[in-house]
Each structure stands twice: as C-alpha cells, then as structure tokens.
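**Student:** Got a predicted model here, sequence first, then my questions.
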Amino acid sequence: MTNVGFYRSNGVFWGLEETGHTGYGDAGEDILCSALSAMTMLIVNTVEIAYASNIDYDINEGATTIKVSSKAALPEFEDDERKRYAVSGLFMAYYYQLNDLTLEYGDFLEVEVTDRDYI
C-alpha cells in the first residue's frame, strides 16, 4: 500500500510525502504506481519550471519514499499572491485527485492530511 500524507498550514497545502509500494501490479506494470509518480513529477516540474519557484524534493527508491515541499505556497516565504495560490493549488488538486482514486483503489492507496507549519 502507498500512503500519501499532505502537509497544510493555515489551510494552505505546501507539501507531501509518499511511502510504500501500491502493490496493485507487478513492478514495471503497476498502473497505480505509474499514475502517482507521473502526478508527483508534474507538481515538481510545474512549480520549478512553469512557476519559476523553489521546490524541494527527495526520491529514495530504496526506502520507497518521495518527499516534496515548496515554501512558495506560503505567505511567510512568497510575496506573490498569485504564485502562492498556484503552487498551493497544485498540492491541493493532487490531494483531491488521490481522494477520488481511493474510491476505486482504496486497498492500495491511503491519503491523509496533517496540519503543521513548514519545516
């Protein structure tokens, strides 16, 4: 099972951590794992390239952990309100998309949100 935990501060999504293998299919053929990887990298590339903002990410294949966070989502780090809204919106959209996926893939995917300050 893959667990995806999202981080939110004062209602603003700013990061996530994915752990575990979905177990939906064999390695290299797991469509759920592929979907999660593609959506996660979409966030990383969009924030970094399209929004020209800093994003921190760490992919540890051995530990099956992916961590992604961006200060650009938070007002204490980013002055541009439109950029903050866009960056946070990507994390929030991913959260809602994954919640939809749990309806069909709930045995393989767990999604949660934790309210905490940026660390």
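**Tutor:** Yep, it's here.
**Student:** give the contact list for the residue sitting nearest the centre point of the chain.
**Tutor:** The centre of the chain sits closest to L16, judged by Cα atoms, centre = their mean, with a distance of 4.3 Å. For L16, the contacting residues are V4, G5, F6, Y7, T40, I66, K67, V68, S69, F91, Y94, Y95, by Cβ atoms under 8 Å, 6 or more residues apart in numbering. Backbone N, C-alpha and C define where each C-beta goes, glycine included.
**Student:** From S34, how far off is the fourth one?
**Tutor:** If I follow you right, that is Y7. Separation of Y7 from S34 (Cβ to Cβ, to the nearest Å) stands at 24 Å.
**Student:** again, but for the first one
**Tutor:** According to Cβ to Cβ, V4 stands 15 Å off from S34.
**Student:** neighbour-wise, which of these two wins?
**Tutor:** Neighbour count, other Cβ atoms under 10 Å: between V4 and S34, V4 has more, with 24 against 14.
**Student:** Got the phi and psi for that one?
**Tutor:** Per-residue torsions, V4: phi -120, psi 110 (degrees, to the nearest 10).
**Student:** likewise T40?
**Tutor:** phi -60, psi -50.
**Student:** what's the answer for Y94, then?
**Tutor:** Here Y94 shows phi and psi, under degrees, to the nearest 10, equal to phi -60, psi -40.
**Student:** Could you export whichever strand or helix holds V113 as CSV, CA atoms only?
**Tutor:** Per DSSP states H and E, V113 falls inside strand 109-115. Provided in CSV are the C-alpha atoms of strand 109-115 (Å, rounded to 0.1, in the frame of the first residue of the first chain):
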residue,chain,number,x,y,z
LEU,A,109,-3.8,3.8,-1.6
GLU,A,110,-4.3,5.8,1.6
VAL,A,111,-4.4,9.6,1.7
GLU,A,112,-4.3,11.9,4.7
VAL,A,113,-3.6,15.5,5.6
THR,A,114,-1.7,16.9,8.5
ASP,A,115,-1.9,20.5,9.7
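**Student:** Show me the strands paired with it, marking each as parallel or antiparallel.
**Tutor:** Sheet partners assigned to strand 109-115 using DSSP bridges are listed as strand 2-9 (parallel).
**Student:** Brilliant, that's me finished.
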